[in-house]
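Visitor: Pasting a predicted model and its sequence here:
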Amino acid sequence: MKYIEYVNGLIKEAVARPEHAVLFGQNMNAGSCLGGLTRGFSVKPAGKIWNSTNAENSLVGFGFGLMLNGAQAGFFMKQMDFLVLGIDHLVNTYNIIRNMKHQPKEGSFTIAAMVVDSGWEGPQSSLNNFADICSIAHVPGYAVTNKTDADFIVRKHLMQPGFRILGISQRLGKTEIIDPGSALEVYGAGEIFKYKSGEDATLVSFNFSFPQAYELEAKLRKSNIHAAFFNVNSAIATDWTPIKESAKMTKKIIVVDDSKSVHVAADALLAELCTEVPLVKKIFIKRQLGENWLHPASDEFVIDDSLLDTLKG
Amino acid sequence: MKKFDQKAAEQMLYLRLGQIFINEESKAGKFKIPMHLAMGHEAIAVAVSDALASEDKLVLSHRNLAYNLVRAGKVRPILDEYLLKSTGLAKAKLGSMNLINPERNVIYTSSILGNNFSVSSGIAMAEKVRGLSGVTFVLGGDGSMEEGSFYESLTMMKTLGLRIVVIIENNEWSLATKISERRCPIDLRKLTSALDISYESLFGNDVEKYIKKISEARERALKNGPICIEVALTTLGDSRGPQTPEYPEGKYINYHAGPSSSVDIARHALRAVLKESDEDPIFVLREKMGKAKLSELAERIFKQIQRELV
């Protein structure tokens, strides 16, 4: 099954449950239904699905208002860069609400945004770092990258009390969803997933680089290098304990992050590892921006196989 | 005056004198937080408070003091909030510009211009899908209606048929600039008409008239969806900017924020009137009540607040 079909199925199931769900977004229930993300949604009779106006700033405020007054809101967004227009609410409105003495008990608000990480949109594709949006006000955000984390994250968070953003990858949309099997551990509320244990290296992927890291882990294993493999799904994870514990043992760290921003989520982990863990090998695989980084392009993120030799050496 | 009007008069004076007391604390430099007085806003604040049914929601802006005072009915918890004491209305967690009082219907307040229009739309939508019967009142000013979110939210309110009363307090000023200094005129009647939203204009600071009009607006919002009311008012407590070659006597600035140096408790407390014109709601009240009755009532309320603050 394709990534977008699988995620759509999970979301469809979650939004049908609440009594007072209000689902909205531009063309969410028309045309391609946001590339299939929102196809076939239904809500209980009291709820509403709204093909909304083109007003991203106000739609974010609208969602917070729904949450504040006890409804369950879902804002579905074709491209995460549109969310830049709603930053006032992500910072100010969310801060005001979470600072209130009495938090809205039943109220819920989820923004599900497609992260433009495919590159074909040119200038808009420069914002492919999900963490950029979340870090501005410590907004809980979870990147959906494979079958296992999708099952956990969508079921645990969507339409539940409180606020969060779910990051959906545009690049992965039409690819077969990866099923890495059950996670060995899920830390926190889905901040970090551990998929493999290993004593030879510690491999950690960020943003939407799970597929590349997943492939790398398999290649390493074939080369008899057994890496502990973690994926960081939360954009604002701060408790790196499980990864640090692994790195203390392996002394080799490989970090993969496909984000294009100057500051990426992996920086925080690397800063802690470099100061707290004695490492014999540190490999940070990140995007190299060429001169044409603002032009429409495939935006492929490929890990060079020569890395294997580096690790063997 | 009739009994009901007596209550409105008492509330108006309580708001005015309460703010004069708060201003004294501000002049003494006791607030670390930013603070915006709303002297001159008393008539509309009392009218909105009077119109609120128990299930209604009130959504405010940074200049929320008159509304929070009339809803709380007490100066002390608001003053304590401004002083960041644990006995404050929000236990010193919100300060002035985001102050709420959910037990008295004030469920959201934003310091960001235009931010609260869309939030109030969501609140009104939740009211609808949850089968509740409340009307949402949202306050903004002539500055906030310049924000794109004002237009976006009006479109949303009309499209979704939300039971909402939008009140624009037009005091002509945004910080230190008048409307004519910063933009072209905006004809709110025409703007709302283009969206097929009802519009009312209020001016003159007659609290009885305002009470009637706001109450009617609530009924109309219940039946027909959003309505926009533009209230012409003057925020009292003028000041002058620094002297410059362009403004040798300092530029005249309508009161914006912080202490008002032109308002003084010794001079103004017992007479309560700050300006001898209908720009001052207490002047309008005095014209109706008579000087003697107003003075008598002002003295009683002054002592009441004094006792409250001891």
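Guide: In hand now; what should we look at?
Visitor: Flag the shaky bits of the chain, pLDDT-wise.
Guide: Going with chain A. By pLDDT under 70, the weakly predicted segments of chain A are A:313.
Visitor: should've been chain B
Guide: Within chain B, the set of residues satisfying pLDDT under 70 comprises B:1-4.
Visitor: show me the biggest helix of it in terms of residues.
Guide: If you go by DSSP state H, chain B has its longest helix at helix B:3-27.
Visitor: Quick one: list the elements packing against it.
Guide: Here helix B:3-27 touches helix B:42-51, helix B:65-72, helix B:76-82, helix B:207-224, helix B:265-268, helix B:281-289, helix B:291-309, going by 3 or more C-beta pairs under 8 Å, 6 or more residues apart in numbering or on different chains; DSSP states H and E. For glycine as for every other residue, the C-beta is placed from the backbone atoms N, C-alpha and C.
Visitor: contacting residues around the third one?
Guide: Spelled out, it's helix B:76-82. With C-beta atoms under 8 Å, 6 or more residues apart in numbering or on different chains as the test, helix B:76-82 has contacts from B:18, B:21-22, B:25, B:31, B:33, B:35, B:65, B:68-69, B:72, B:87-90, B:92, B:94-96, B:99, B:308-309.
Visitor: I'd like the distance from it to the chain centre, please.
Guide: 17 Å (C-alpha atoms, centre = their mean, to the nearest Å).
Visitor: What's the first helix or strand after that helix?
Guide: strand B:106-109 (DSSP states H and E).
Visitor: what's next to that following strand, contact-wise?
Guide: Outside of strand B:106-109, the residues within contact range by C-beta under 8 Å, 6+ apart are A:65, A:68-69, A:96-97, B:57-62, B:64, B:67-68, B:71, B:94, B:97-100, B:116, B:119-120, B:123.
Visitor: Which residue does the stretch 1-150 of chain B have closest to chain A?
Guide: At 2.1 Å from chain A, residue B:122 is the closest residue in the stretch 1-150 of chain B, using C-beta to the nearest C-beta.
Visitor: A strand includes that residue, no?
Guide: No - assigned with DSSP: H, G, I helix; E, B strand; the rest coil, residue B:122 falls outside any strand and is helix.
Visitor: pretty sure it contacts residue A:58?
Guide: No - with contacts counted by C-beta atoms under 8 Å, residue B:122 stays clear of residue A:58, the gap being 9.3 Å.
Visitor: Pull the contacting residues for residue A:302.
Guide: residue A:212.
Visitor: The residue in chain A that chain B sits nearest to: how many residues sit nearby?
Guide: In chain A, no residue comes nearer to chain B than residue A:65, which is 2.1 Å away by C-beta to the nearest C-beta. The tally of other residues near residue A:65 (other C-beta atoms under 10 Å in any protein chain shown) stands at 36.
Visitor: got it, and residue B:147?
Guide: Neighbour number of residue B:147 under other C-beta under 10 Å is 19.
Visitor: Could you check how far the closest residue to it other than its chain neighbours is from residue B:120?
Guide: Take residue B:147 and drop its neighbours on the chain: the residue closest to it by C-beta to C-beta, 6 or more residues apart in numbering or on different chains is residue B:114, 2.9 Å away. According to C-beta to C-beta, to the nearest Å, residue B:114 and residue B:120 sit 11 Å apart.
Visitor: Helix or strand: which one has the residue lying closest to residue A:141 once chain neighbours are set aside?
Guide: Closest residue to residue A:141 apart from its sequence neighbours, by C-beta to C-beta, 6+ apart: residue A:134 at 3.7 Å. Taking DSSP H and E as the definition, one finds residue A:134 inside helix A:130-135.
Visitor: Outside of the very next helix or strand once past that helix itself, list whatever touches it.
Guide: Using DSSP H and E, the helix or strand that directly follows helix A:130-135 along the chain is strand A:141-144. Residues outside strand A:141-144 that contact it (C-beta under 8 Å, 6+ apart): A:7, A:115, A:130-131, A:133-134, A:149-150, A:153-154, A:157, A:164-169, A:190-191, A:207-208, A:233-236.
Visitor: Kindly report the same for stretch B:232-250.
Guide: Outside stretch B:232-250, the residues that reach it (C-beta under 8 Å, 6+ apart) are B:23, B:37-41, B:43-44, B:63, B:169-173, B:176, B:201-203, B:205, B:251-256, B:260-263, B:274-275, B:279-280.
Visitor: cool, and stretch B:211-227?
Guide: Under C-beta under 8 Å, 6+ apart, the answer for stretch B:211-227 is B:8, B:44, B:46-48, B:50-51, B:53, B:56, B:133, B:135, B:137, B:154, B:157-158, B:161-166, B:197-200, B:202, B:229.
Visitor: Show me these that map onto helices.
Guide: B:8, B:44, B:46-48, B:50-51, B:154, B:157-158.
Visitor: Make TSV from the residues you listed and add distance to residue A:176 and neighbour count to it.
Guide: Formatted as TSV, the ones in helices among the contacts of stretch B:211-227 follow (distance: C-beta to C-beta, whole Å; neighbours: other C-beta atoms under 10 Å in any protein chain shown):
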residue	distance to residue A:176	neighbour count
B:8	69	22
B:44	61	27
B:46	65	26
B:47	63	28
B:48	58	28
B:50	63	18
B:51	59	21
B:154	45	24
B:157	44	29
B:158	45	16
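Visitor: near chain B, which residues of chain A show up?
Guide: A:20, A:22, A:46-48, A:50, A:52-53, A:55, A:57-71, A:73, A:88-89, A:92-93, A:96-97, A:99-102, A:107 (C-beta under 8 Å from any C-beta of the partner chain).
Visitor: Got a ChimeraX select line for the buried ones in the contacts of strand A:141-144?
Guide: Applying 16 or more other C-beta atoms under 10 Å in any protein chain shown to the contacts of strand A:141-144, the buried members can be selected in ChimeraX as follows:
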select /A:7,115,130,131,133,134,149,150,153,154,157,164,165,166,167,168,169,190,191,207,208,233,234,235,236
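Visitor: From the contacts of strand A:141-144, which land in strands?
Guide: A:115, A:164-169 (DSSP state E).
Visitor: and those, which two are the farthest apart?
Guide: Longest distance between any two of the ones in strands among the contacts of strand A:141-144 is 16.9 Å, between A:164 and A:169; criterion C-beta to C-beta.
Visitor: neighbours around the residue nearest to residue B:87 when sequence neighbours are not counted, how many?
Guide: Closest residue in space to residue B:87, ignoring its immediate chain neighbours: residue B:80 at 4.6 Å, by C-beta to C-beta, 6+ apart. By the criterion of other C-beta under 10 Å, residue B:80 has 18 neighbours.
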